[in-house]
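> pasting the structure only:
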């Protein structure tokens, strides 16, 4: 498409965002990213003497129902202060994947613009959360020699064993998103969290790897380019939500995070403090709305209102049949259904989601290994009675996850619907704080960073692209 006056023709995007792009900034003119100019480095402003904030952070959570942009400031203790929030309908996106580049780019830009207006800053870089049925997780093991004689393990040794573990054989058209260490071993000994500084002659690692379809990831990157934002990294959305919603004890004992979105349900299981399984279930809260629309012969916007206003998943509690008025397709007059009927429809879909999630638990051989139970996040978790029904189906403790280590904008960012977006800020904050040399406090279950090389190596491993061969076990099979 032709470019006119710095705009891409045919792409609907808020004019204010373009106006600020063209405006000079203190210290010089901004680089024109759309015109092939140099990439602008991410903000990493050290705090003034006695100040609190470390850096401006941006997280963009790309869902199937809405796109949420949060702008925040990293705090030396490892938390974040949210200073801006913006939402936009997720047009051009279906089941987490881009189906119309211009529409999706415009939606992303609209979300960013709204957050910029609240925060009073301009977004250049962001950590971006994504989902999609093309994403898959698997485990791998790798061994590298340190030397003929035992010597102290260095950061280069850890990077080398992680590179080896991440060099997995992939199907054509797939790429690595994350390489996440579960544990290390020295000379065949027991699990070690950080081998840095220990002595040995052979270093092993067990990792969890998340991969995605190259075409789908490229479409996301293209949309971000058109929305004039540079992705610092793409993050599997449930991993970001886990940063915000899980506690240290839950990760250690064994817990499953369930991110109930509109079209998809993302899963991330933790045991002994590390990610051990991840998956995507192709059913979400929008399927409940669709079920109501089909059974009640109702437009989807009306079905959604009924779900929000009257819906729950415990029909056995409806002793009285409360009447609900609806206007079906093709009819001018209202007719009625009952709240019990609505709840029966919603409960049936909730049971299907419960069965699919339990199938993943069993496939990953985690049955009986999740004493901390299940933590629910995502917009779909707000349906009445859902934790109780899932507890009855799974026999596991179930709670609604809320973001920890976040302040600002009242409680707007603390709810389960924003756990993923807040987690993206925390994901980036850990990298920024460690790069600045501060020690991250062990809050909300996140590991303590140190001023040495270990935390930086592990942060690198989370987003490194590592092509090649190896002994990868894909959990999709």
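Good, I have the coordinates. Worth saying up front: this structure is predicted, and the values here are computed from it rather than measured.

> going by C-alpha atoms from here, please, whenever you check contacts or count neighbours.
OK.

> where do the helices sit along the chain?
15-22, 101-119, 155-166, 214-226, 237-245, 248-253, 285-296, 300-310, 339-363, 386-394, 419-436, 454-463 (DSSP state H).

> residue 322 is nearest to which of those helices?
Closest approach to residue 322 among the helices of the chain (C-alpha to C-alpha): helix 339-363, 5.4 Å.

> which residues are contacting the closest one?
Contacts to helix 339-363, defined as C-alpha atoms under 8 Å, 6 or more residues apart in numbering, come from residues 267, 279, 281, 283-284, 287-288, 291-292, 307, 310-316, 318, 321-324, 367, 386, 390, 393-394.

> from those residues, which would you call buried?
267, 279, 281, 283-284, 287-288, 291-292, 307, 310-315, 324, 386, 390, 394 (16 or more other C-alpha atoms under 10 Å).

> returning to that earlier point: could you dump the helices of the chain to TSV with distance to residue 174 and mean pLDDT?
Listed next are these as TSV, based on distance: least, C-alpha to C-alpha, whole Å; pLDDT from 0 to 100:
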stretch	distance to residue 174	mean pLDDT
helix 15-22	33	43
helix 101-119	20	98
helix 155-166	13	93
helix 214-226	5	98
helix 237-245	18	96
helix 248-253	29	96
helix 285-296	28	96
helix 300-310	35	94
helix 339-363	22	96
helix 386-394	33	97
helix 419-436	23	80
helix 454-463	15	62
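
> so for residue 328, which of those helices sits nearest?
Nearest of the helices of the chain (C-alpha to C-alpha): helix 285-296, 7.0 Å.

> from the contact counts, what lies against the closest one?
Judged by 3 or more C-alpha pairs under 8 Å, 6 or more residues apart in numbering; DSSP states H and E, helix 285-296 is in contact with helix 300-310, helix 339-363.

> residue boundaries of the strands in the stretch 51-200 of the chain?
Ranges of strands in the stretch 51-200 of the chain, per DSSP state E, counting those that start in this stretch, are 56-62, 66-74, 80-89, 93-94, 97-98, 125-130, 136-145, 151-152, 174-186, 199-200.

> the second one pairs with which strands, parallel or anti?
So the one you mean is strand 66-74. If you go by DSSP bridges, strand 66-74 pairs up with strand 56-62 (antiparallel), strand 80-89 (antiparallel).

> quick check: most distant residue from the centroid of this structure.
residue 333 (43.8 Å; C-alpha atoms, centre = their mean).

> pull the contacting residues for it.
Residue 333 neighbours (C-alpha under 8 Å, 6+ apart): residue 327.

> and if you look at residue 389?
313-314.

> check the gap between it and residue 135 for me.
28 Å (C-alpha to C-alpha, to the nearest Å).

> cool, and residue 355?
20 Å.

> could you do residue 204 as well?
26 Å.

> skip the chain neighbours and tell me the closest residue to the residue nearest the centre of the chain.
Nearest residue to the geometric centre of the chain (C-alpha atoms, centre = their mean): residue 237, 1.7 Å. Leaving aside its chain neighbours, residue 237 sits nearest to residue 129 (4.8 Å; criterion: C-alpha to C-alpha, 6 or more residues apart in numbering).

> the one you found pairs with what?
residue 61, residue 235.

> from residue 228, how far out is it?
For residue 129, the distance to residue 228 - C-alpha to C-alpha - is 17 Å.

> comparing those two, which residue is more hemmed in?
A direct count of neighbours by other C-alpha atoms under 10 Å for residue 129 and residue 228 places residue 129 higher, at 26 against 22.

> thought that one was touching residue 424?
Yes: contact criterion C-alpha atoms under 8 Å: residue 129 and residue 424 qualify, at 6.8 Å.

> list the buried residues for stretch 248-259?
So stretch 248-259, judged by 16+ other C-alpha under 10 Å, has buried residues 250-259.

> quick check: pLDDT value at residue 376.
Per-residue pLDDT puts residue 376 at 98.

> which neighbours do residue 129 and residue 424 have in common?
With C-alpha under 8 Å, 6+ apart as the test, residue 129 and residue 424 both reach 59-61, 235, 240.

> next, give me the two most distant ones among those residues.
60 and 240 (10.9 Å).

> of these two, give the one with the bigger neighbour count.
When residue 60 and residue 240 are compared for neighbours, residue 60 comes out ahead with 30 against 27, by other C-alpha under 10 Å.

> is it true that that one touches residue 70?
Yes: contact criterion C-alpha under 8 Å: residue 60 and residue 70 qualify, at 6.5 Å.

> who touches both of these two?
Contacts common to residue 60 and residue 70, judged by C-alpha under 8 Å, 6+ apart, are residue 421.

> circling back: give the residues shared as contacts by residue 60 and residue 240.
With C-alpha under 8 Å, 6+ apart, residue 60 and residue 240 have common neighbours 129, 421, 424.

> tell me how far the last one lies from residue 82.
Looking back up the chat, that one is residue 424. 12 Å.

> of the two, who's got more company?
Taking neighbours as other C-alpha under 10 Å, residue 424 and residue 82 compare with residue 424 leading, 32 against 24.

> what sits against that one?
58-61, 127-129, 235, 240-241, 243.

> centre of the chain to stretch 191-198, how far?
28 Å (C-alpha atoms, centre = their mean, to the nearest Å).

> hmm, I was thinking of stretch 399-418
Taking mean C-alpha positions (C-alpha atoms, centre = their mean), stretch 399-418 and its chain are 14 Å apart.
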